[in-house]
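# let's see this in three dimensions:
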Amino acid sequence: MTVKPPQKRSAPHFVKGPLGPRLLRIALVVAVVSLGAFVASRIAAPYIVSSSLVRGSIEKVVGRWSGHDVQIAGTPELQFWPQPKITLAHLTLTRAGPHSGAGKNSIVAQIDQLSATFGLLNAVMGHPVFDDFTLTGATVHLHRDREGHIDWSNGGPLAKAIAHVTETADGGQSLAQEDDGTIGSFSIENGRLDIADDASGRKFVIEGIFSQVTWPKMSSAIKGSANMVIGGMATQVNFSSAQPLLLMGGHMGQASVSITAPTVKASFSGRTSLMPARFASGQIDMTMSDVAGFLAWTGAELPGMEALHTASIKATVTAEADRVRLEDLSLSANETNATGLVDITQGKSGKPKVSGTLAFGQMDIPTFLAAFALSAPDSQAVNGKSGLLNWLEFDLALSARRASLSQFTLTDVGASVLATDGAMVFDIGDSTLAGGTMIGHLEGKNGGFENGAHLDLSITNADLSDLENKLGLSGPLPLGSGSLTVSVSTKRAIWRTRPEDITGTLKLTVGPGRITGVNMDGIRSLAGNRFFFKLEDAGKGDLPFDSLSVTADLADGAINISEGSLKSTDLTSSFTGVIPYAFKGLALSTEIVPLPTSSSTSTDPLTSTAQKPLRFFIAGSWPNLILSPIQTPLPQVTTTP
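All right, here's what the predicted structure looks like:
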């Protein structure tokens, strides 16, 4: 076996010579030549680029894109350093074609100054291409018809693109090459937007607009941000859309938008439509940090909600063939929170119908009901405003662990709201109040609660001491388990109703129980020798009873007792009179009739005063009551000679 000696590797070959310095010199030469060419082109540009050509070209571009006639009153200014740029002053766009007739504002836009950059080489060749537009002091006038469509342009490339755009499978938009076009980016400085809305008859004004928008070409996505003044309030808007042309054409399209203002912060991301405005699917999040300020800003009214300071809503919107669903719905108002599921469908009246379930941890019933009185400006309405129930129907099932109703707290509440066919009904089907149960039926007048209402209320087996404590009452009061039935009406909004506005009937039954602060023995003793005396002078004690019933009418701010009775093992009592709601005074007449007992052996009315019926007139301010006995003549006694 022959072993070959290892072969030697040849040394690498290096090119001899100063190559490094040579490359450096070449680079410097190229840089100097390029810089010189750049500077020379800028110096020579005014002599080789026609200002009239550039002006004419940008005038054609603006007119072609908008589809409107363009007039330029100012003299164009050209600058070439650091890059070519043209500035035009005092531009006016007027509506061309059949839409410029009488009855419509023929001026589409007025622009104090328009500037744009352009390529020098294309300008030298006679075909300047413009980019980076800046509109300063621009006022744009748009018209929104009754169907919600806005006249973005008048037959230009933008209108053509809107008409021919199609949706792509990946959530974008597509245009044929001949319909597409380059836009680039544009800025707005101190702009104004006027929108005349036929549907509402109102004119919306957005001013103080400072915006930066990037839209490379019409088939691509758009993205931008803006600071503006809406209704006198500084507002920031950020927006983007992968399908801007679909949105402009009134179709459903993808969009993300957020709005930040001093009174509200809101965002939406999903599929939506601008004409008419509606959500198809996506995420909604809105927080009002100042409800009163937000309502004043929008021109809406929400009477009876002065105590509402903050509110928010968050939901996932999904669109189906015949409904829009709000899933994972979260609502809050002040410290009240609710979750649920809501569907929006077409109601029998043709109005959208809101139905579903809402579960509250803590609910304020008057505030909840007052929300249905929301109204907003409407030029078609007689009084210039239309209410929430003019736009929507409601069929909601409600539940609450706790609910407040004036001074009272309900627990385990099951309720519902039905607003349809001009009727508004709020039912409490089940609840617990003061250890008993409460059900109620509240029906609004003329389709809502702002014009009055009728209430039927039933409380069964409730602890009266609990209710009396909540009302802040003290003095001689019935204690025990009781039931109350009320049927009342008011002609005023329920959140503005005063005691004197309430009319109706009341029936109370209690028993067994006791009335505090009543000493019958002391009363009998004083009734025999005084014309009047304070109830407290009779001494401390309680009056036990087996049953107590009161039937009364409610009117003129008072409880007018038509029939009252009390029964115990040793007496009965009947009474009538008036008790004001405020309990500042009362006037009652009562008769107390003792019942015979085994210890009562005497039947002589002259000697058995313990068995004599007593009649009183009770008056005074609560709880300092004055009793005035009404003396009855003694029965005639006939003696036998």
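# mind telling me what element His141 is part of?
strand 130-144 (DSSP states H and E).
# report the mean confidence score over that strand.
Taken as a whole, strand 130-144 has a mean pLDDT of 86.
# helices and strands around that strand, which ones?
helix 51-66, strand 107-118, strand 182-197 (3 or more Cβ pairs under 8 Å, 6 or more residues apart in numbering; DSSP states H and E). Heads up, the C-betas are built off the backbone N, CA and C, glycines and all.
# tell me the buried residues in the following helix or strand past the first one?
What that stands for is helix 51-66. Going down the chain from helix 51-66, the next helix or strand is strand 69-72, by DSSP H and E. For strand 69-72, the neighbour count (16 or more other Cβ atoms under 10 Å) marks Asp69, Val70, Ile72 as buried.
# that older thread, what residues sit buried inside the strand holding His141?
For strand 130-144, using 16+ other Cβ under 10 Å, the buried residues are 130, 133-144.
# touching it from outside, list them.
The contact list for strand 130-144, computed with Cβ atoms under 8 Å, 6 or more residues apart in numbering, reads 57-58, 61, 86, 104-105, 107-118, 150-152, 182, 184-199, 275.
# give me the angle between that strand and strand 107-118.
170 degrees (axes from the mean of the first three to the mean of the last three Cα atoms, to 10 degrees).
# show me what the helix or strand that strand 130-144 is followed by is packed against.
Counting by DSSP H and E, the next helix or strand C-terminal to strand 130-144 is helix 157-164. Here helix 157-164 touches helix 51-66, helix 244-248, going by 3+ Cβ pairs under 8 Å, 6+ apart.
# just the mean pLDDT for the shortest one, thanks.
So that's helix 244-248. Helix 244-248 comes out at a mean pLDDT of 90.
# also the first one?
Averaging pLDDT along helix 51-66 gives 72.
# helices along the stretch 351-500 of the chain, start to end?
365-370, 388-391, 464-470 (DSSP state H, counting those that start in this stretch).
# what helices and strands are in contact with the longest one?
Counting contacts by 3+ Cβ pairs under 8 Å, 6+ apart, the secondary-structure elements packed against helix 464-470 are strand 408-420, strand 478-490.
# what strands flank the last one, and is each parallel or antiparallel?
Applying DSSP bridges, strand 478-490 is found paired with strand 448-463 (antiparallel), strand 503-516 (antiparallel).
# pLDDT at Gly564, what is it?
95.
# tell me the spacing between it and Ala552.
8 Å (Cβ to Cβ, to the nearest Å).
# neighbour count: those two, which is higher?
Counted by other Cβ atoms under 10 Å, Gly564 and Ala552 do not tie: Ala552 has more neighbours, with 22 against 18.
# the more buried one: what secondary structure?
strand (DSSP: H, G, I helix; E, B strand; the rest coil).
# picking that back up, pick the most deeply packed of the helices and strands packed on strand 130-144.
strand 107-118 (a mean of 20; mean count of other Cβ atoms under 10 Å).
# relative to Leu374, how far out is the most centrally placed residue in the chain?
When Cα atoms, centre = their mean is applied to the chain, the residue found nearest the centroid is Ala311 (7.2 Å). Distance, Ala311 to Leu374, using Cβ to Cβ: 12 Å.
# now swap in Ile150 and tell me
Counting by Cβ to Cβ - Ile150 and Leu374 are separated by 26 Å.
# pLDDT (mean, whole number) over stretch 615-625?
88.
# got it, and stretch 282-292?
91.
# residues contacting it, please?
In contact with stretch 282-292 (Cβ under 8 Å, 6+ apart) are residues 262-272, 294, 302, 305-306, 308-317, 326.
# among the residues you listed, which ones are buried?
So, by 16+ other Cβ under 10 Å, the buried ones in the contacts of stretch 282-292 are 263-268, 270-272, 294, 302, 305, 308, 311-315, 317, 326.
# inside strands: which ones of the residues you listed?
264-268, 270-272, 311-315, 317, 326 (DSSP state E).
# quickly check those for the two that are furthest apart.
Arg271 and Ala311 (25.5 Å; Cβ to Cβ).
# output stretch 329-345 as PDB, nothing but the C-alphas.
Below are the C-alpha coordinates for stretch 329-345, written out as PDB (Å, rounded to 0.1, in the frame of the first residue of the first chain):
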ATOM      1  CA  LEU A 329     -73.600  43.500  26.700                       C
ATOM      2  CA  SER A 330     -72.400  45.500  29.700                       C
ATOM      3  CA  LEU A 331     -74.200  48.700  30.800                       C
ATOM      4  CA  SER A 332     -73.400  51.000  33.700                       C
ATOM      5  CA  ALA A 333     -74.900  54.200  35.100                       C
ATOM      6  CA  ASN A 334     -73.300  55.800  38.100                       C
ATOM      7  CA  GLU A 335     -72.700  52.800  40.300                       C
ATOM      8  CA  THR A 336     -75.300  50.700  38.600                       C
ATOM      9  CA  ASN A 337     -74.200  47.800  36.400                       C
ATOM     10  CA  ALA A 338     -76.000  45.400  34.100                       C
ATOM     11  CA  THR A 339     -75.200  42.600  31.800                       C
ATOM     12  CA  GLY A 340     -77.300  40.900  29.200                       C
ATOM     13  CA  LEU A 341     -78.200  40.000  25.700                       C
ATOM     14  CA  VAL A 342     -80.300  42.200  23.400                       C
ATOM     15  CA  ASP A 343     -81.800  41.600  19.900                       C
ATOM     16  CA  ILE A 344     -82.900  44.400  17.500                       C
ATOM     17  CA  THR A 345     -85.600  43.300  15.100                       C
END
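# okay, buried residues for it please.
Under 16+ other Cβ under 10 Å, the buried positions of stretch 329-345 are Leu329, Leu331, Ser332, Ala333, Thr336, Ala338, Thr339, Gly340, Val342, Asp343, Ile344.
# go ahead and confirm the last one touches Val324.
In other words, Ile344. Yes. Counting by Cβ atoms under 8 Å, Ile344 touches Val324, with 4.4 Å between them.
# pLDDT score for the residue nearest to Phe130 when sequence neighbours are not counted?
Excluding the flanking residues, the one nearest Phe130 by Cβ to Cβ, 6 or more residues apart in numbering is Ala116, at 4.2 Å. At Ala116, the model reports a pLDDT of 83.
# check Pro6 too.
Reading off the model, Pro6 has pLDDT 50.
# do Ala11 as well
So Ala11 comes in at 48 (pLDDT).
# with Gly504 instead?
95.
# ok, Pro641 next?
At Pro641, pLDDT is 47.
# now do Gly97
Gly97 is given a pLDDT of 54.
# and this structure, what are its domains?
41-249, 252-453, 498-629 (automatic domain parsing).
# and the ones you listed, which one is worst for confidence?
Minimum mean pLDDT among the domains of the chain: domain 41-249, a mean of 80.
# about what we covered before: now the helices and strands packed on helix 464-470 in JSON lines, with mean neighbour count?
Output for the helices and strands packed on helix 464-470, formatted as JSON lines (neighbours: other Cβ atoms under 10 Å):
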{"stretch": "strand 408-420", "mean neighbour count": "18"}
{"stretch": "strand 478-490", "mean neighbour count": "18"}
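# can I get these in a markdown table including distance to Gly171?
Below are these laid out as a markdown table (distance: least, Cβ to Cβ, whole Å):
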| stretch | distance to Gly171 |
| --- | --- |
| strand 408-420 | 38 |
| strand 478-490 | 54 |
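# next, the contact list for the nearest residue to Asp421 once chain neighbours are set aside, please.
Spatially, and ignoring its direct neighbours in sequence, Asp421 is nearest to Ser349 (6.7 Å; Cβ to Cβ, 6+ apart). The contact partners of Ser349, by Cβ under 8 Å, 6+ apart, come to Glu393, Thr420, Asp421.
# sweet, I'm off.
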